[in-house]
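*Asks:* Pasting the sequence and the predicted coordinates here, then a few questions.
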Amino acid sequence: MPVRGVLAGTECLASFVEDAPAVEPGRARNDLSGGNLGVLAGFLIVLASSVFPWTRFADPRLFGAWTWGWALLAPVTALAGVAAVPLWRRWPVHPTVQAAALGLLAVVAGLGAVVYRLNPPLLAGSSLAPLLAVLGATVALGGAIARAAAWRAS
């Protein structure tokens, strides 16, 4: 705030003005509050499920979701979600837009896992790993909803 031609912050105001009101230090904001923990946990579950084989037959291998097709949607969007949570604290984007984008990433991750589970490669069959990815996407979506609700409550 401008004081006598100089720009001063609230913590320095008492050095310029004798009868300045006492300023209480602001509460430190935790990065894992307001649904961020749920979003991170959900996307990390999706990433963990991508390590397991996604097929039951026809050469099941580790990192089964990292093949070209619907299965690739789940880990790629989960990586984007894990990267977005800490970055958005520094970006001047409205919190509801952030929560909506995280919710969209969670829905796309779940959609990729569901479509793969319903339509696996020919003669391969689907394992239970895509269902774990759907669970993680649901947790991430719930975290995004909690994040929007926490912003609305504040």
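*Replies:* Ah, there it is. Numbering: from 1, shown residues only.

*Asks:* where does the chain have low pLDDT?
*Replies:* 1-34 (pLDDT under 70).

*Asks:* what about residue 42, which SS state?
*Replies:* Using DSSP: H, G, I helix; E, B strand; the rest coil, the secondary structure recorded for residue 42 is helix.

*Asks:* From residue 89, how far out is it?
*Replies:* According to C-beta to C-beta, to the nearest Å, residue 42 stands 18 Å off from residue 89. Yep, even glycine has a C-beta here, placed from its N, CA and C like the rest.

*Asks:* Mind checking which of these two has more residues around it?
*Replies:* Per other C-beta atoms under 10 Å, whichever of residue 42 and residue 89 has more neighbours is residue 42, with 29 against 10.

*Asks:* what sits against the more buried one?
*Replies:* Residue 42 sits next to 81, 106, 136-143 when contact means C-beta atoms under 8 Å, 6 or more residues apart in numbering.

*Asks:* so which of those comes closest to residue 50?
*Replies:* Residue 50 lies nearest to residue 136 out of the contacts of residue 42, by C-beta to C-beta, at 9.6 Å.

*Asks:* Got the domain ranges for this protein?
*Replies:* 1-29, 36-153 (automatic domain parsing).

*Asks:* any idea which of those is most buried?
*Replies:* Comparing those by mean neighbour count (mean count of other C-beta atoms under 10 Å), domain 36-153 ranks first with a mean of 19.

*Asks:* Helices of this structure, start to end?
*Replies:* 13-16, 36-51, 73-87, 95-118, 129-153 (DSSP state H).

*Asks:* quick one, which of those is nearest to residue 59?
*Replies:* helix 129-153 (14.9 Å).

*Asks:* Summarise which helices and strands that closest one is packed against.
*Replies:* On a contact count with 3 or more C-beta pairs under 8 Å, 6 or more residues apart in numbering; DSSP states H and E, helix 129-153 meets helix 36-51, helix 73-87, helix 95-118.

*Asks:* Now render these as TSV, adding distance to residue 58.
*Replies:* Output for the helices and strands packed on helix 129-153, formatted as TSV (distance: least, C-beta to C-beta, whole Å):
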stretch	distance to residue 58
helix 36-51	18
helix 73-87	20
helix 95-118	14
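
*Asks:* between those, which one is nearest to residue 130?
*Replies:* Closest among the helices and strands packed on helix 129-153, using C-beta to C-beta: helix 95-118, at 4.1 Å.

*Asks:* Return the alpha-carbon coordinates of that closest one using CSV.
*Replies:* Extracted C-alpha coordinates of helix 95-118, given in CSV (Å, rounded to 0.1, in the frame of the first residue of the first chain):
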residue,chain,number,x,y,z
PRO,A,95,-9.5,-22.1,-8.9
THR,A,96,-12.7,-23.3,-10.4
VAL,A,97,-11.0,-23.6,-13.8
GLN,A,98,-8.2,-25.6,-12.1
ALA,A,99,-10.7,-27.9,-10.5
ALA,A,100,-12.6,-28.4,-13.7
ALA,A,101,-9.4,-29.2,-15.6
LEU,A,102,-8.4,-31.7,-13.0
GLY,A,103,-11.8,-33.2,-13.1
LEU,A,104,-11.6,-33.4,-16.9
LEU,A,105,-8.3,-35.2,-16.7
ALA,A,106,-9.7,-37.6,-14.2
VAL,A,107,-12.7,-38.4,-16.4
VAL,A,108,-10.4,-38.9,-19.5
ALA,A,109,-8.2,-41.2,-17.5
GLY,A,110,-11.2,-43.2,-16.3
LEU,A,111,-12.6,-43.3,-19.8
GLY,A,112,-9.4,-44.7,-21.3
ALA,A,113,-9.4,-47.5,-18.7
VAL,A,114,-13.1,-48.3,-19.2
VAL,A,115,-12.9,-48.4,-22.9
TYR,A,116,-9.8,-50.6,-22.8
ARG,A,117,-11.5,-52.9,-20.2
LEU,A,118,-14.6,-53.2,-22.5
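
*Asks:* Many thanks, we can stop here.
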